[in-house]
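*Asks:* starting from these lines, generate the structure:
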Amino acid sequence: MQTLDLKKILKESGADYQTIAKTLFPDHKFPIKALLRVIKGEGDLGSMQISKLALLLGKEITDLYTNRWSAMPSNKKGVVSITKEDFTAELDTNTGITKIFHNKSLFHESVICKGTIPVSEYVKEIETIIKNR
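*Replies:* The predicted model follows:
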């Protein structure tokens with residue numbers, strides 16, 4: 001499941017809590033308290049609030065979520081790269097070999113699957129390798 005780590009988002013963006021709180025909770029008497037409840041996990045943001053947050057921070061909505069893999073441009077011909085946090089996986093489409101890096105350091109290299117599989121299954125295989133390392 002993809003989650004929204006509001007505390008991390010606000011810390012990384014350097015956004016002013018008061019401004020964010022007033023924007024996300026304009027009708028609340030104490031908007032900062034409402035924001036802090038969400039940060040503590042005692043409440044959730046609605047879709048309109050998430051949309052406003054993304055707009056305010058100048059980000060795409062999907063960029064606010066954690067635990068997701070993102071496509072990454074590769075300058076290597078025939079190589080498809082995806083990244084998540086400190087991990088990068090590179091699939092050589094010619095050989096079928098996947099290389100998995102943590103902080104740019106290679107820690108796994110193998111053929112993860114033989115034949116064609118859905119991308120979601122491929123990502124699950126990568127996640128299993130990372131979890132078991």
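
*Asks:* and stretch 62-77, how far out from the chain's middle?
*Replies:* 8 Å (CA atoms, centre = their mean, to the nearest Å).

*Asks:* ends of it, what's the gap?
*Replies:* Criterion CA to CA, to the nearest Å; first-to-last residue distance in stretch 62-77 is 27 Å.

*Asks:* what is the rounded mean pLDDT of that stretch?
*Replies:* Average pLDDT, stretch 62-77: 78.

*Asks:* now do stretch 96-114: everything it contacts.
*Replies:* 86-92, 95, 121-122, 125-126, 129-130, 133 (CB atoms under 8 Å, 6 or more residues apart in numbering). Placement of C-beta: from N, CA and C, glycine included.

*Asks:* now with 6 Å, please.
*Replies:* Stretch 96-114 is contacted from outside by 86-91, 125, 129, using CB atoms under 6 Å, 6 or more residues apart in numbering.

*Asks:* neighbour-wise, which one of those residues leads?
*Replies:* Highest neighbour count within these, by other CB atoms under 10 Å: residue 89, with 24 neighbours.

*Asks:* that residue pairs with what?
*Replies:* With DSSP bridges applied, residue 89 shows beta-bridge pairing to residue 82, residue 100.

*Asks:* nice, that's everything, thank you.
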